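Participant: could you work out the structure for the sequence below:
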Amino acid sequence: MLHGGDIFRNPGIILDYSVNTNPLGMPAPVRDALIRHVDDYGRYPDPLCGDLRSALARSEGLSEEQICCGNGAADLIFRLCLAVRPRHTLICAPAFSEYERAALLAGSRVSRHTLREENDFSLTESFIGSITADVDMVMLCNPNNPTGKIIPPVLLEGIRDHCRARNILLMADECFLPFTAGTSLAASFGKAGASPLAVLRAFTKTYSLAGIRLGYLLSNDTALVAAVMDTGQAWSVSAPAQYAGLAALEIPSWIEEARRLTGEERPPLVRGLRALGLRVIEGEANFILFRSETPLLEPLIRRGILIRGCGNFYGLDAAWYRIGVKKHEQNALLLAALEEVLHAR
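Facilitator: Alright, predicted model coming up:
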């Protein structure tokens, strides 16, 4: 299994810590909207997502022409690469595997900038030196998945300026940024001149709509947005997804509450993991990366808990795991189960 959330092959799971969506779950108004519009699902959805793009434009303070909706952020990663056809793409490692897969599918050569454990997998100034003269696309994740590390604003500006000077497309996957106080690359849209920038967001994470599949791309380059819209199937965003997105945009407080909850629950969860003798990478996102020399996947599955094994991330091995941050009572159950497993040695 390439990603988390494999509950289909683990039917006894009670707590799924392998995913990193909003710990509050799906908002009731979104669920109500999905039910209310059920009679519309027999018709084709709007292929241009007109109402949703209009609502997103108001929410983001951009024009509709700067926004493209897709079947989750992963869909847009592939569509962006196929629209641009980069010759040489630079990514970080470890990071979300779909960046490399999409770039390779588009015929690009891919280079990895390896993040170092001795730096807690933080992105440093050395990354700019990896942006060689032949790179024409840079793909970043902010905060990074699976490390949870935010790119320092000054460094992000430095990367942006470096790419701008060389007319390199810079993409920032910000699907987890709303759970943090981090700086969005979209704030640079008015400052970046002709240099193309792209930002990815996902209702999947912020409103726990993983099964609905809804993401969107923002760019200061309307021609780039048009090219991405022309790539992929016409009806990539279903009618349920569009109605869910419209309902979600009416309740921004859902994200604010999740940010507050995550900020409160992450520190005690980190302390609990460290008290068990685990090596923890303390990021800022709604998930935590940690290392255990004791195998954890199968023992936890037997206890009804699924966590994300990170052995298939480039730069990590099978001793690394990622967990989402959930509510206090759920986190306590996870820590208790981990203590059982670790003390069973």
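Participant: now the strands for the stretch 1-150 of the chain?
Facilitator: When assigned using DSSP state E, counting those that start in this stretch, the strands of the stretch 1-150 of the chain occupy the ranges 15-16, 67-70, 88-93, 109-114, 137-141.
Participant: any idea which of the ones you listed gets closest to V341?
Facilitator: Closest to V341 of the strands of the stretch 1-150 of the chain is strand 15-16 (C-beta to C-beta; 13.9 Å). From N, CA and C alone the C-beta is placed, and that goes for glycine too.
Participant: name the helices or strands packed onto that closest one?
Facilitator: strand 305-306, helix 328-343 (3 or more C-beta pairs under 8 Å, 6 or more residues apart in numbering; DSSP states H and E).
Participant: and the helix or strand just after the first one, what does it pack against?
Facilitator: To tie it back to what came earlier, the one meant is strand 305-306. Remark: after strand 305-306, the chain's next helix or strand is strand 308-309, criterion DSSP states H and E. Judged by 3+ C-beta pairs under 8 Å, 6+ apart, the packing partners of strand 308-309 are strand 320-324.
Participant: contact partners of the strand it packs on?
Facilitator: 4, 17-21, 23, 146, 269, 286-292, 296-297, 307-311, 313, 334 (C-beta atoms under 8 Å, 6 or more residues apart in numbering).
Participant: that one pairs with which strands, parallel or anti?
Facilitator: Here strand 320-324 is paired, per DSSP bridges, with strand 287-291 (antiparallel), strand 308-309 (antiparallel).
Participant: ok, residues contacting the last one?
Facilitator: Residues outside strand 308-309 that contact it (C-beta under 8 Å, 6+ apart) are 4, 17-19, 146, 296-297, 318, 320-323.
Participant: so where's the chain shaky on pLDDT?
Facilitator: Residue ranges of the chain with pLDDT under 70: 1-8, 192-194, 345.
Participant: and the lengthiest helix in it with strand 320-324, angle?
Facilitator: Secondary structure of the chain read by DSSP state H shows that its longest helix is helix 253-275. Relative orientation of helix 253-275 and strand 320-324, computed by axes from the mean of the first three to the mean of the last three C-alpha atoms, to 10 degrees: 140 degrees.
Participant: show me what counts as buried in helix 253-275.
Facilitator: Going by neighbour count (16 or more other C-beta atoms under 10 Å), the buried part of helix 253-275 is 254-255, 258-259, 261-262, 265-266, 269-270, 272-273.
Participant: want to throw these into TSV with distance to G158?
Facilitator: TSV is the format used below for these (distance: C-beta to C-beta, whole Å):
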residue	distance to G158
W254	33
I255	28
A258	30
R259	26
L261	33
T262	28
E265	32
R266	28
L269	32
V270	29
G272	36
L273	33
